[in-house]
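>>> test case, fold it:
(chains A, B, C, D, E and F, ligands or ions: 2)
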Amino acid sequence: MKPSRLFPMPIHSILLFAVWLLLNNTLAPGHILLGGFLAIAIPRLVAGLSTEQPSVKKPGLALRYCLLVLWDILTANFEVAVKVAGPMKKIRPGMVAVPLDIKSELGITLFASTISLTPGTVSAEISEDKRWLYVHALDVENEHALIQEVKQRYEAPLKEILGC
Amino acid sequence: MNNLIWIPLLPLLGTLVPLFASRFSRSACAFLTAGLPALALILVLQNASSIFDGEALYTVYNWIPVIGLELAFRLDGLSLLFALLILGIGLLVILYARYYLSAQDSIGRFYSYLILFMFAMLGVVMSDNLLQMWMFWELTSISSFLLISFWGHKTEARKGARMALTITGAGGLALLAGILLIGEVVGSYNLYEVLNSGDVIRDHVLYPVILVLVLAGAFTKSAQFPFHFWLPHAMAAPTPVSSYLHSATMVKAGIFLMARLYPVLSGTELWFLIVSLTGLATLLLGAYVALFKHDLKGLLAYSTVSHLGLITLLLGMGTELAAVAAIFHIINHATFKASLFMAAGIIDHESGSRDMRQLNGLWKYMPHTATLAMVAASSMAGIPLLNGFLSKEMFFAETLHQDSLGSLSWMVPVLATLGGVFSVAYSTRFIHDVFFNGEPINLPKTPHEPPRYMKVPVEILVALCLLVGIFPSLVIGDLLYAASGAALNGIPPEYSLAIWHGFNLPLLMSFLALAGGLTVYYNRKELFQFQAQFPDNDPKLVFEAVVQLIQRQAETFMQLVENGSLQRYAYMMLSMSFAMMAGPLLDLNATAGLRPELPVDAISVTGVILLTLGAVATVVWHRERMKALVSLSIVGLIVSLMFAKFSAPDLALTQLSVEVVTVILLMLALFFLPQQTPKESSPRRVVRDLGLSAMIGGVIGTICYALMTRPLDSISTFFVENSKTGGGGTNVVNVILVDFRGFDTLGEITVLGIAALGIFKLIARMRLYMPASDENGRPWTLDSHPMMLAIVSQSLLPLALLVSAYIFLRGHNMPGGGFIAGLITAVAIIQQYIAHGVDWVKPRMKVDYQVLIGSGIFIATLTGLGSWLFDRPFLTSWFDYFSLPLIGKFELASAMMFDLGVYLTVIGATMLILANLGKLTTSERPVVSETD
Amino acid sequence: MASWVEIIVACFLLLGGIFMFVGSLGLVRLPDLYTRLHGPTKATTLGIAGILLASSIMFSIKNGGLSVHEWLITLFLLITAPVTANMLAKTALHHDVKMLSRSRGHELMEPARHRYGPEGASENTKSGTESNNSKLP
Amino acid sequence: MAHLPILPILLPLITGALLLLPPFQNTMPRQRLLALVSAFIQVIVAWTLLNTANTEGTQLYVLGDWQPPFGIVLVADRISTLLVLLTTVLFAGALLYSCAGHDKGGQYFHPLFMFQVMGVNGAFLTGDAFNLFVFFEVLLIASYALLIHGGGKQKTQSALHYVILNLVGSSLFLFGLGILYGTLGSLNIADMAMRIRELEGGEAILAKVGGLLLLLVFGLKAALLPLHFWLPKTYSSASAPVAALFAIMTKVGVYSILRIHTLIFGAEAGELANIAIPWLWPLGLLTLAIGSIGVIASPGLKLMTANLVVVSAGTLLTAIALQSEKATGAALYYILHSTLITGAMFLLADLIARQRGKAEDRLVKARAMAQPRLLGVAFVLCALAIVGMPPLSGFVGKILLMQAAEETMDKIWLWPLILIGGLLSLVALSRAGTTIFWRTTALAGTEERVHPFEFAGVFILIMASPLMVMFGGELTDITSQAARQLFDFSQSVEALVPQTTQGGQ
Amino acid sequence: MEGIYAFCVGLLTACGIFLALRGRTFPVVVGLTLLSYAVNLFLFASGRLKINAAAVLGQSEQYADPLPQALVLTAIVIGFAMTAFVVILAMRGRADLGNDHVDGRLPDIQARQRNRTLRK
Amino acid sequence: MLSWAIAAVAVLICAALMMNLWRLIIGPSVQDRILALDTMYINSIALIVLYGIHTGTSMYFEAALMIAMLGFVSTSALCKYLLRGDIIE
Ligand code: NA
Ligand code: NA
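Ligands and ions are numbered 1, 2, ... in the order given. Model prediction:
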């Protein structure tokens, strides 16, 4: 999946095509044609306005990663809900600094987003040298455990997927 | 058809001659200038014989019938008399002025004004329509203004001219009112009909008003007391002007008017009282003051005032003979006064002074001129064998033959004689003090005789004085008879124009005046000392003080009313709106109508609470602007939700998208405007404003409620019924926008485009205040484009564009459309600016937003024009359904094209605004030091 | 509509509704801004997903086709919510909004604020553990 | 030409859009050429349209082929076409003037000028209440943008007042329209006039509120006291060609009152007949008075001219308040006269100001002008016309108006105000003229001379005045016929709505 | 429901007008925005309130009056254009005049106070 | 069943909205208010979708989608303002 003249942003093209069908709730041939056209035309229009194109090295892993995140969102949500509804004195919030191995801006963004999306942690800041991610957690038992968990669970697969 | 029209027309053309002729020599210019008036004079003389036969000539053209204005001229005795004076003396003045004006003076301009005045004056006397007469009447004021202010660099000239214009202008306006009333009473402005409606007018309830208004016009023009004061100050004009306007013509216009309307307005008690008393007062005042004027022209001016008073008095007496005497004196006064002014001008010209305290013994230096002046002055004094004597005798006689003042009627001849005394005295002074009485004192020049031809006009006029004085009926008999007949609108009474009527009372009065005058002049030292005791309360100063007072008061008033406070203006406007709304509502018996109301639900209540608190918070926090902005956003959100709730999805979408752009704009404002508002409204003002806004809010709410609870029978069902069949779309709102009322939309996008252009103008060359720190003094962070925001915004752009394409394409049938799609696109692009900054976006997006606006409007308009090809009105829509293999049935509609225009304009406009603003801020950003 | 569909839709709705509520509850209850950030950005993901899923199921059944455009909203929210949280946290750090005193990692606030690494904290502040003595600008 | 009635709107619109596009976009000479050619065509079109309306009767242009009352219609009757012609002539003069270099004082002058004309013409021609709002906004937004053309503190400050007041005004406009739609259920003006006769009770009262709100809004545009305060500063600070074009804007307000309050709330409106008069008559008279006071109090020629605009507005509003055919005919003539002459005066004031150095247009002693002759003649002509001195057009207007006040009470109020107002203007303008042209210092004047384009612009506008007198018969014939048409319900209303749709479904 | 709707319109009007009467440009702009909300809601209400009756053919049994909706749409767009202009104009005012007062100069009270302190 | 659930969820969301408003009013920091506003956007989305389920039309879906898209722009612009003052630089 490399950018080409016809598909300057291939991932986007696929995404757009899917979204078009989603939007129209349909698989009608007319819409497939129109969606295909838009999926090609729009990226060509905005190609100039994009810097780094994601190149997914391992699509299968990416899909697994997505499911993993969704599952984590689901489970963690309940935990957080209980904490929010429970007594406030019990929560032990805190800020931790996660060292970053992943280098690409897109990778960091995806990593930080994942952390934010899974309940209980929020990516607060990224150091200027892009080597540290500051994460605020709602309930920290052990900073190092937390750091290790997010790095293993999310950063490692992301690195693999993006190949960086 | 007669040639009457040419008599005024020739001078009108003549105004242009001097402008071209001024390039030649002065004599040539004068000669050429005189040509057309001379021709006019010949025309007048040509017609004279038929007038003397008792005929009157008329000519009339339609002009503006709606107001009763026609181009109507008449030549009867009265107008003949005046036309001769105007043209004859006018020609003499042209000759005189050739020598009078110096080389620096623009003779072309002078002649042009002079002939213009001649034209105006001829118009006045020859008008056969009152409105037309008024027109020329005002034109005399204007041209005399130009003449008096000919030496505009002198303060005196400017002020004198302005005063004359103001007084005569005011009189002119009164006259207009009077004429309009006459027209209303008579039903016509035609002089013939007016003159024959004397009884109708005199019996009308408006007669006193008409009389006062017309006389106000006449008195101001003829310098009657108490409006006399402008005339002496008009002496700032070059002397030819004075000898023309202020002796022979313009000041006689008022007299002419009274004579003209004599058959209509005179003959009542009111006429007599006003006119004769005014005339008497003017006569005495003018004669008395004239004696004390050291300025030669001042003396002549007041003498003119006095003589005008005399004529007015005559007209006021109401007897036919008095009217004849008045007309006779008009002629005589014109001749001797014009020559006197010319003589005074010669003296001034050759000696450099008009002050009688300097001018002495000029007889030795200019005997010829002195002779002429002395003859004319004698006529003015009423010496026998001169024309002045004849009319003065008639005047004295008439004063004896009236009894309108009842038992006090004897006072009139006595006072008239007294006037005669002073008249003789100042005439004597004019002769003695100037030509004799020792040697000149400190004159700027050594006096000598003027150029030969400069004296010619004076000689002619003085000769006339003599001729009329000696052979009155031969020289002037026919003219006087015709003129009197015209003035009286009938046959003049019996009178005799003889030098000698035997020893009678008038002769005695003349002798008394002569003797008395000489005595007064002999004892002038005592009299001057006596007069010196009184403060010199010049009416001119009073006039100027009044004008200045009015001006100052006006300025104060305007500063008070228009104090430049928007808050006041807005308050007034809103108060007025409240009054306009609340007034009728008081009559509304029941607020609620008969339409059933919708039930209230919990969501709505929540919405109302949110909206209320949001709005109130915005108001309460309006001084902390960031907070106000956040709470304003809630209001916007709830309003959108309300639209959604009440079945207006399109509105909800539009409101939402507009909302975001508005918030972005407001944030820009927040950055460049102070972030906090000082507390400067006084509690009183706050309460006042709160009161007004609460009342208006209450009224609007009431109206809204009253409207909603009443049934409505509207044209809307048509739109629902025809949306699909006629407009080809199921989203009725969109079909209205692009089809039924597409013209509104065209206007709307034009507004948007114009706003963008205007904002671009505003931004250009704007020097912004850019705070280097926020309201708490905290410097801005250095992380200008946070990474996550940048990366995510980038990938959102294509998604947003896709959504906007979706919204655009479905608009015709489902909620959406070009406008919303355009805003989504614009917002998506703005997001790129927010996330990456101008410097990053600019090289990557080479779109000329101005072209986008232009082509958007152009496409929408062209779509509308397309219907012309099918011979349909602008914006007639077209749509059809097509079917293609694979794709199936789809619709194509011209409305889509129109919507595309909308789409492009919206993007262009929004981006032109925001991108340029961003560009500006970036280029002007001060370099922030990193020390903080 | 079949009653089991109704039940499923109702369940999803309730699930979503409860999480929506809890998210906003967190906004009110949680003790400091940083903890409050967790409430909405989290609970709403599931809350809104629940409701959208309910909508998707209902309209799919009702209109006899697929109604999946609701997912797009979820997609948008999933993409944007972390950025929102990140931006808010950044501004909070920038404005020096204090963490709850019993929070851990107060020493990281200064470096995070200046976007240094955590080791930079010791270079820049004399005592990284004290959070009460912050410098006023 | 079936499409003639829409051309006065489309021509400036298309020209404006073209001016934003290549090849006109960035070259001033091409922009000028296009603008001037377009203006010339517009004058011809307007003239043809007037002739058509005059000879063939009212031209109805049904936009989108949607019959009234459903679609938007343009009504090209005598009044509207006359005013369109007036607008285009004024525009042509101002445009010529601007081509001397005034159009370079900022971006987009020519497109904005075109859009302004489009808005004004649209407001005159439209027969639809909401479309009227849209065109009001077009002309307003264009005027906002034009007002700041040339830059400077004064412009910004007066623009703030002008814009904010008008924004509030636009809000009130929409409130009013909402009420009228909510009671009448239609937007076509003629249809509204038909429907209003059936209103009674609460609906009638509400409609009255709506009508009065519209009166307020039009009063704001027309500079009715106490809504006129924005005008003097705004007009006097605008750059000359813009101020000249603005002279038509108060007339749009006046015209709208004619359209809405003479047609919808006219004599035929049953319970709601003539609701505007109790407000319009006294306030119009007061406007006339305060304008005259303002004229006397003005320290500069531009402000004086702006106050003269207020005077003319007051005069016109009073005339309309008389609600008679005669008065309306008079008002129409007066509109033509006052618009062109005040427009000319604004241009002239600018020429004068430029030749007087630092003193600009202020009435103080200053250096002599480079071309006192030329400017002096023009000034005298303008001043005479404005004051209402014969032989220029002002006096015809004045006489028409005075004659239109037929009731004694009307006369008692109107005549003195018109006459004294005229006198005050006379005093003020004679003072201004003598000061400006004659109170000069010995210092050499500026080198600034009148550009031929400027001369042409001023010349066109001033020459209109004597022509209006010369052909006064023909002109007053048209204006009185136009007024008669307006007051003839069957012509001005019934003929414009198909009988089958009257009174809704 | 009509009652509380009318209340909202009235309230927004009142708040908008109060802010529009302030002396600084920013509150005035905010006030005008609020006022335009009120106007839009009012104009919308002139077609009467209807629930679940979007004027899209085939989507519901009855249709809300589409005409006022179209008018409000136009009004929103125009209002947006105007707001945008006045916002930038306010900025221009600050830039040109040095303060953000609607009159372009600080009110008399402050000027007087300043004079008083100067005199001392 | 469904209508009951809809009513219950409506109440929940309304309560959530009121709590958002509460946070928005008491603050204390600007971030709190922005956060509250952002949450309000999301709750509104839920409310619109719920309303769509209630009325059985998908007419309002786009409104929800727009809030999701534009609410983000608005929030990020507000934050950008707090960080940099100039949002488009
Ligand atoms: Na997380
Ligand atoms: Na002497």
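>>> what separation do you get for B:S575 and B:V275?
B:S575 is 52 Å from B:V275, where distance means C-beta to C-beta, to the nearest Å. To be clear about C-beta, it is placed using only N, CA and C from the backbone, and glycine gets the same treatment.
>>> B:A34 against B:Y96, yeah?
No: B:A34 is beyond contact range of B:Y96, at 11.3 Å (criterion: C-beta atoms under 8 Å).
>>> neighbour count winner among the two?
B:Y96 (30 against 23; other C-beta atoms under 10 Å in any protein chain shown).
>>> ok, now which ones touch the more buried one?
Residues counted as contacts of B:Y96 (C-beta atoms under 8 Å, 6 or more residues apart in numbering or on different chains) are B:240, B:243, B:342, B:345, B:454, B:457-458.
>>> and if we set it to 6 Å?
B:240, B:342, B:457 (C-beta atoms under 6 Å, 6 or more residues apart in numbering or on different chains).
>>> ranking those residues by neighbours, who comes first?
Most surrounded of the contacts of B:Y96: other C-beta under 10 Å gives B:M342, at 35 neighbours.
>>> which non-adjacent residue is nearest residue 102?
Assuming you mean chain A. A:K159 (5.2 Å; C-beta to C-beta, 6 or more residues apart in numbering or on different chains).
>>> oops, wrong one, chain E.
The nearest residue in space to E:V102 (C-beta to C-beta, 6+ apart) is B:L566, at 4.4 Å.
>>> ok, and the residue of chain E found nearest chain F, which helix or strand is that part of?
Residue nearest to chain F within chain E (C-beta to the nearest C-beta): E:N52, separated by 4.5 Å. Counting by DSSP states H and E, there is no helix or strand that carries E:N52.
>>> tell me, how many residues neighbour the closest residue to it other than its chain neighbours?
Nearest residue to E:N52, sequence neighbours excluded (C-beta to C-beta, 6+ apart): F:T55, at 4.5 Å. When counting by other C-beta under 10 Å, one arrives at 17 neighbours for F:T55.
>>> near chain F, which residues of chain C?
C:6, C:9-10, C:13-14, C:17, C:20-21, C:24, C:27-28, C:33, C:40, C:44, C:48, C:51-52, C:55, C:58-59, C:73, C:76-77, C:80, C:84, C:87-88, C:91-92, C:94, C:97 (C-beta under 6 Å from any C-beta of the partner chain).
>>> A:E125: what secondary structure?
strand (DSSP: H, G, I helix; E, B strand; the rest coil).
>>> please read the previous query as pertaining to B:N563.
Going by three-state DSSP: B:N563 is coil.
>>> number of nearby residues for A:G86?
A:G86, neighbours per other C-beta under 10 Å, totals 11.
>>> chain E: helices as residue ranges?
E:2-20, E:25-45, E:66-97, E:108-119 (DSSP state H).
>>> go ahead and flag the most central residue of chain C.
C:T41 (1.6 Å; C-alpha atoms, centre = their mean).
>>> ok, longest helix in chain A?
helix A:59-85.
>>> just the buried residues of that helix, please?
Neighbour-count burial for helix A:59-85, counted by 16 or more other C-beta atoms under 10 Å in any protein chain shown, picks out A:62, A:65, A:69, A:72-73, A:76-77, A:80-81, A:83-84.
>>> report whether it contacts chain F.
No: counting by C-beta under 6 Å from any C-beta, chain F is not contacted by helix A:59-85; separation bottoms out at 11.7 Å.
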